[in-house]
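Novice: Kindly generate the corresponding structure for this input.
(chains A, B, C and D)
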Number of protein chains: 4
Amino acid sequence: MDKKWGLQNSSGPYRVKQCQQLFQCWCEVLTLTTGTAANSIAMTLACPPYGSILCHEHSHMNADECGAPEFFTAGAKLIPMPGEHGKIDLDYLDQYLAGTGVHGEHESLPSIISITQCTEAGTLYSLKELKQLKAIKQKYNLALHMDGARFANALVSLDCPAAEMTWRSGVDLLSFGATKNGAMMAEALIVFNPQLTNQIKRLRKRSGHLISKMRFISAQLKAYLEGDLWLNLAQHANLMAATFKQQATHNIEYIHPVEANEVFCRLPIELIEQLKALGFEFHIWPGHNDVIRLVFSHATEDSQIDLLTQAINKYQPCE
Amino acid sequence: MDKKWGLQNSSGPYRVKQCQQLFQCWCEVLTLTTGTAANSIAMTLACPPYGSILCHEHSHMNADECGAPEFFTAGAKLIPMPGEHGKIDLDYLDQYLAGTGVHGEHESLPSIISITQCTEAGTLYSLKELKQLKAIKQKYNLALHMDGARFANALVSLDCPAAEMTWRSGVDLLSFGATKNGAMMAEALIVFNPQLTNQIKRLRKRSGHLISKMRFISAQLKAYLEGDLWLNLAQHANLMAATFKQQATHNIEYIHPVEANEVFCRLPIELIEQLKALGFEFHIWPGHNDVIRLVFSHATEDSQIDLLTQAINKYQPCE
Amino acid sequence: MDKKWGLQNSSGPYRVKQCQQLFQCWCEVLTLTTGTAANSIAMTLACPPYGSILCHEHSHMNADECGAPEFFTAGAKLIPMPGEHGKIDLDYLDQYLAGTGVHGEHESLPSIISITQCTEAGTLYSLKELKQLKAIKQKYNLALHMDGARFANALVSLDCPAAEMTWRSGVDLLSFGATKNGAMMAEALIVFNPQLTNQIKRLRKRSGHLISKMRFISAQLKAYLEGDLWLNLAQHANLMAATFKQQATHNIEYIHPVEANEVFCRLPIELIEQLKALGFEFHIWPGHNDVIRLVFSHATEDSQIDLLTQAINKYQPCE
Amino acid sequence: MDKKWGLQNSSGPYRVKQCQQLFQCWCEVLTLTTGTAANSIAMTLACPPYGSILCHEHSHMNADECGAPEFFTAGAKLIPMPGEHGKIDLDYLDQYLAGTGVHGEHESLPSIISITQCTEAGTLYSLKELKQLKAIKQKYNLALHMDGARFANALVSLDCPAAEMTWRSGVDLLSFGATKNGAMMAEALIVFNPQLTNQIKRLRKRSGHLISKMRFISAQLKAYLEGDLWLNLAQHANLMAATFKQQATHNIEYIHPVEANEVFCRLPIELIEQLKALGFEFHIWPGHNDVIRLVFSHATEDSQIDLLTQAINKYQPCE
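Specialist: As a prediction, this is how the structure comes out:
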């Protein structure tokens, strides 16, 4: 006698069809509520417990998920990779992989590369860099995962088809995020490689991620993807970041290229205090008390940018 | 620049205060989206990997969570207990526990008893039975968990204070469900034993269950608990089940006592087909093609009961 | 400059050749030091974390390994099966499996049957029963594992080729024990199914079971298998058990059929005390203070049997 | 009727007494067969699944155990630390720890520092460096583990009491290795901190590391520790390394200080080939085809050193 509210349950044909149209290919779609769940189930699909995961040292998976990938994979090893502006140094990656395989069973088996697009530094792998990654992946017979918590922001910034930034660049598994771009809690794990979909629903269930009324997640994704809403939201957020960068020209040092909707910048500590006092919300970057992260969203308004940039530009350090 | 919609994030003081008032005691509250997550994190708090969990053989944890408790605890052993009508046979439990401890380290360490209230059979442990459980728990120095996916239905049926059915009966950990009683996706793990709260937030995060916009879960719980909404919803659901039982008197055999909002009954297979054809939704019980489960909800209407019971009572088997 | 003592390291061609000759087929051999490790790695090869393992409720894996199978498989669920004299009730097993598959992803995926040969009750699956098991395994597309901690005792008792009791009866994975039959610490996991050997060495290494000087384990297995030593040892042990049963005729009730080298029997408690006082070593069966297990070994001597049976037969209960 | 060969089972009072005399303090002793098992169980005792382990990037645990620590701990994160000559850079460690704690539950909880003594580079932490480590450990409230696979070699080199190099320097957990110094397979996990011994035997059993005839491991340790045999063996091995270094003066570059029984050196590739052809056994260091590791053992003889050093010194590169 459960009453349904007129929406289909997830993993249903509608959601899959929507995604297949978006990516112009076959794909499997697993609806979820968090990006950590999407990333971790992705790892489980492609990395055995004795395997290793190659990811940027500052990636969310390595630095901010409290060991979730290790937990879900039952002990896979994350190998942190260096690289500027949040992107894995591809030469380093290639060299690292070339050196593996000599210790036999003593060594975790390199199994998957995970990149973040946009990265933790708000930057993007260009399509050219993605092709290089695809070549490395193929050279060493690895899977490739993209953490797309800010997928929409990356896509509108690169201004290319979704297919181009994903499976045509060798991506097997995509954590597709909607929450950061406006949804309440709606994420999806999208699998382009049919060999990596085995028992994907059981992996969701056993980790407690099967929502009984999945229709409430599906409804979010349905609306998000229809009529380019998601792209319009991301476009606006990116534009706000670009506008900020254009306007905030004094007292500010930009730490990373601004390529999507995040800005990392160094400001005088006193100015940071002033901004907080004015009610602006942002994240002071761990380990650097003079560096902040500004995230611009679909809901950011021009007037907010104006207020913020004025506050920054007009700041006068007291001697 | 993230915009907040006026609701506090979860685990915040408001939610905890609401729960402490409800249970009239100190407690820790961890907001979640699924009952499986609540159950599994509860197990992790009280059962080491080398421990065992004593639960009914048909409990959700043992039969319907695809190994989630084993996964979260890194390998604890579930010991399935027999018992009529979904309730653990308490003499069997006592005897089982009395026989443990002779194999030393070869044997998993009995660590926690988990009961379900209401049970998978729609029945209830009486307060007297709960006191017996408390005595067993204390005798063997175990923790006690209550899977309260249908907590509200149980509480209004027993018609006692929430404290009485929980910590005063020895319950250390409660999976408090709201989803089955009207919420979209809102559950909470409530811990009454302060010694079992260590790093509870990290346990949520590492399993991917930290929702970034937790306010959307909190908002559900806030409304659910305010003004006795939750109790009223459950009261109605229970009443619908009782009404059904009173009215459906022909062609039906009741398998378990009807004590809350679920009815398990045996019907002629042909009648089951007719009910399906009429648009009624229910679950045919695995392994028994003539047994169905009817779940009555806050949204069930009297007129639906009338239609359903008429269809059952008037059925005439064709020879 | 490490000095080697003239023995090859394990997993080397000699050990594999010895086993392939013994079993008259292709097989993979992983040398280990404990049966628990062999059983657990076997489970990992054939059972995913969301899978289930069907085994006897009193099997070593279920009752005496402190959750090792759950640990190694990262959370697979053991489903305890009933059955007389330590053997799984095959009708029950068939019926159980027939009832699975209706809950979808909520249910652990039945993946492997594990039997013990000789069983925990000292009994044997006959070749006919093994063929029945093979049929069930094939019907439900499962793997079949044999815990052969007492493999030699079973083999000489059934008096059949090793191939007949294993892969010709559908066994995919065999825990081959030598320790209980005379070795210091030498076990092997033997895999007959080439699809279940993936990264078997990494599974050994990551669980800490790669002995650096494996030659000391290999040396034991080499000697054990050469010239039928292992069969002769088992033959003697079985004979001692049979002799005991023939001779001990008073004051004794045999609980299980005596089919190999173990005897389970009920004795007057006072007599049990007398036997202990005389220096006999045995195991009082958990939960039954008047039931003991006698294990006869390669080293048991006729004169010991005589002393023991005399003590039993001549016992006079004091009124 | 199992026959015992006159040796007590391990974890028995004799072994514990031997170790307590050696270390002049209370300690718990868990006998094992591999160093990986000792390390991994040590981690489980002190690091929760949501915790992190701070170890040298080239440590055995991080580089050569195929994810064993992640497996045993159910997903703890290893944080690789840089540092010259195989030793953790203590300033880096301190700074790293100072930066943790800002991400809350998103971040794995720093729980234990693990050092190797002798290190993977054959070098030693001096007593002064160990005191610095103790200070860091106390400052951040962490546990301290020492991987002592070559403990004896380190001890005779530092020429101090065993207590001084361990618990007096803050070591809570010690992997005490005998295998590399002459035993067949005999290791022990020694716990100096009584708060880190909970259910240590169950941790051994569930990982398959309880040897049923443990007396054969115990016998090795008994003999090893009696009459300073272990120290004499290590003394000889260290002396051989020192002798080699003194004698091999041409065509060789020493990569790391020679402080115990290992020598890492760069040689002409052609010379490396010649040495192999002469029957010398050594390890070519991964990633460096002109760097070899020479391990000198208790069984190395002076005449072997002479032959080896002559071969090196007299080498003439062909133009």
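Novice: okay, CA-based contacts and neighbour counts for the rest of this
Specialist: Noted.
Novice: okay, the residue in the stretch 101-250 of chain A that chain B sits nearest to: pLDDT?
Specialist: For the stretch 101-250 of chain A, the residue closest to chain B is A:Arg206, as judged by Cα to the nearest Cα, at 4.2 Å. pLDDT recorded at A:Arg206 is 98.
Novice: What is the neighbour count of it?
Specialist: 29 (other Cα atoms under 10 Å in any protein chain shown).
Novice: can you tell me which residues contact it?
Specialist: Taking Cα atoms under 8 Å, 6 or more residues apart in numbering or on different chains, we find A:Arg206 in contact with B:65-68, B:71, C:50, C:106.
Novice: How is A:Gly208 assigned, secondary-structure-wise?
Specialist: coil (DSSP: H, G, I helix; E, B strand; the rest coil).
Novice: Can you pull out the low-pLDDT segments for the stretch 101-250 of chain A?
Specialist: Judged by pLDDT under 70, the stretch 101-250 of chain A has no weakly predicted residues.
Novice: Tell me the residues of it that contact chain D?
Specialist: A:102-103, A:105-109 (Cα under 8 Å from any Cα of the partner chain).
Novice: Excluding chain neighbours, give the residue nearest to the residue of the stretch 101-250 of chain A closest to chain B in space.
Specialist: B:Ala68 (4.2 Å; Cα to Cα, 6 or more residues apart in numbering or on different chains).
Novice: doesn't A:Gly208 make contact with that neighbour?
Specialist: Yes: checked against Cα atoms under 8 Å, the pair B:Ala68 and A:Gly208 is within contact range at 6.8 Å.
Novice: okay, and the common contacts of the two?
Specialist: In contact with both B:Ala68 and A:Gly208: B:36, B:40, using Cα under 8 Å, 6+ apart.
Novice: Mind jotting down where the helices sit in chain A?
Specialist: Using DSSP state H, the helices of chain A run over residues A:13-23, A:35-46, A:60-63, A:68-72, A:90-98, A:127-139, A:151-158, A:162-165, A:200-206, A:215-225, A:229-247, A:269-277, A:302-313.
Novice: Specify the stretch among those helices that is closest to B:Pro13.
Specialist: Closest of those to B:Pro13 is helix A:269-277, at 23.3 Å (criterion: Cα to Cα).
Novice: Might you report the residue contacts of A:Leu294?
Specialist: Each residue near A:Leu294 by Cα under 8 Å, 6+ apart is listed here: A:262-264, A:282-283, B:1.
Novice: Can you pull up the residues of the stretch 1-150 of chain A that come close to chain C?
Specialist: So the stretch 1-150 of chain A meets chain C at A:50, A:74, A:105-106, A:108 (Cα under 8 Å from any Cα).
Novice: Output those residues in JSON lines, with neighbour count appended to each entry.
Specialist: Compiled in JSON lines, those are given as follows (neighbours: other Cα atoms under 10 Å in any protein chain shown):
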{"residue": "A:Tyr50", "neighbour count": "29"}
{"residue": "A:Ala74", "neighbour count": "30"}
{"residue": "A:Glu105", "neighbour count": "21"}
{"residue": "A:His106", "neighbour count": "23"}
{"residue": "A:Ser108", "neighbour count": "30"}
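Novice: List just the nearest of those to C:Leu78.
Specialist: A:Ala74 (18.0 Å).
Novice: Just give the closest residue to the residue of the stretch 201-319 of chain A found nearest chain C, not the sequence neighbours.
Specialist: At 4.8 Å from chain C, A:Arg202 is the closest residue in the stretch 201-319 of chain A, using Cα to the nearest Cα. Of all residues not flanking A:Arg202 in the chain, C:Glu105 sits nearest, at 4.8 Å (Cα to Cα, 6+ apart).
Novice: May I have the residues that are in contact with the one you found?
Specialist: Here C:Glu105 is in contact with A:201-202, A:205, B:66 (Cα under 8 Å, 6+ apart).
Novice: Farthest pair within those?
Specialist: Top of the distance list for these (Cα to Cα): A:Lys201 and B:Cys66, 10.1 Å.
Novice: Could you list the residues of the stretch 101-250 of chain A in contact with chain B?
Specialist: Counting by Cα under 8 Å from any Cα, the stretch 101-250 of chain A sits next to chain B at A:184-185, A:202, A:205-213, A:216.
Novice: need those in a markdown table with distance to D:His236, can you?
Specialist: A markdown table is the format used below for those (distance: Cα to Cα, whole Å):
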| residue | distance to D:His236 |
| --- | --- |
| A:Met184 | 68 |
| A:Met185 | 65 |
| A:Arg202 | 57 |
| A:Lys205 | 58 |
| A:Arg206 | 55 |
| A:Ser207 | 54 |
| A:Gly208 | 57 |
| A:His209 | 59 |
| A:Leu210 | 62 |
| A:Ile211 | 65 |
| A:Ser212 | 68 |
| A:Lys213 | 70 |
| A:Phe216 | 72 |
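Novice: so how many other residues sit close to A:Thr166?
Specialist: 21.
Novice: Kindly report the same for the one 3 residues further on.
Specialist: By other Cα under 10 Å, the residues close to A:Ser169 number 19.
Novice: same check, this time on A:Thr197
Specialist: Using other Cα under 10 Å, A:Thr197 has 19 neighbouring residues.
Novice: Could you do the one 5 residues further on as well?
Specialist: Around A:Arg202 sit 25 other residues, with neighbours defined as other Cα under 10 Å.
Novice: Ok, A:Gly279 next?
Specialist: 9.
Novice: In terms of pLDDT, where does it sit?
Specialist: So, for A:Gly279, pLDDT stands at 94.
Novice: How about the one 4 residues further on?
Specialist: You'll see A:His283 listed with a pLDDT of 92.
Novice: Let me see the contact set for it.
Specialist: A:292-294.
Novice: switch the cut-off to 10 Å
Specialist: A:264, A:291-295, B:1 (Cα atoms under 10 Å, 6 or more residues apart in numbering or on different chains).
Novice: Likewise for A:Leu173?
Specialist: With contact taken as Cα under 10 Å, 6+ apart, A:Leu173 is in contact with A:27-28, A:38-39, A:41-43, A:45-46, A:114, A:143-148, A:166-167, A:189-193, A:196-197.
Novice: again, only using 6 Å
Specialist: A:145, A:190-191 (Cα atoms under 6 Å, 6 or more residues apart in numbering or on different chains).
Novice: Closest one of these to D:Pro13?
Specialist: A:His145 (53.1 Å).
Novice: Would you mind confirming that the closest one makes contact with A:Gln117?
Specialist: No: A:His145 is not in contact with A:Gln117 according to Cα atoms under 6 Å; the separation is 10.1 Å.
Novice: on that earlier part again, so for B:Ala135, which of the helices of chain A sits nearest?
Specialist: Taking the helices of chain A one by one with Cα to Cα, helix A:200-206 is closest: 32.1 Å.
Novice: Just give me the neighbour total for A:Pro194.
Specialist: There are 11 residues near A:Pro194, going by other Cα under 10 Å.
Novice: repeat for A:Asp147
Specialist: 26.
Novice: A:Ala42 now?
Specialist: Number of residues near A:Ala42 (other Cα under 10 Å) recorded here: 31.
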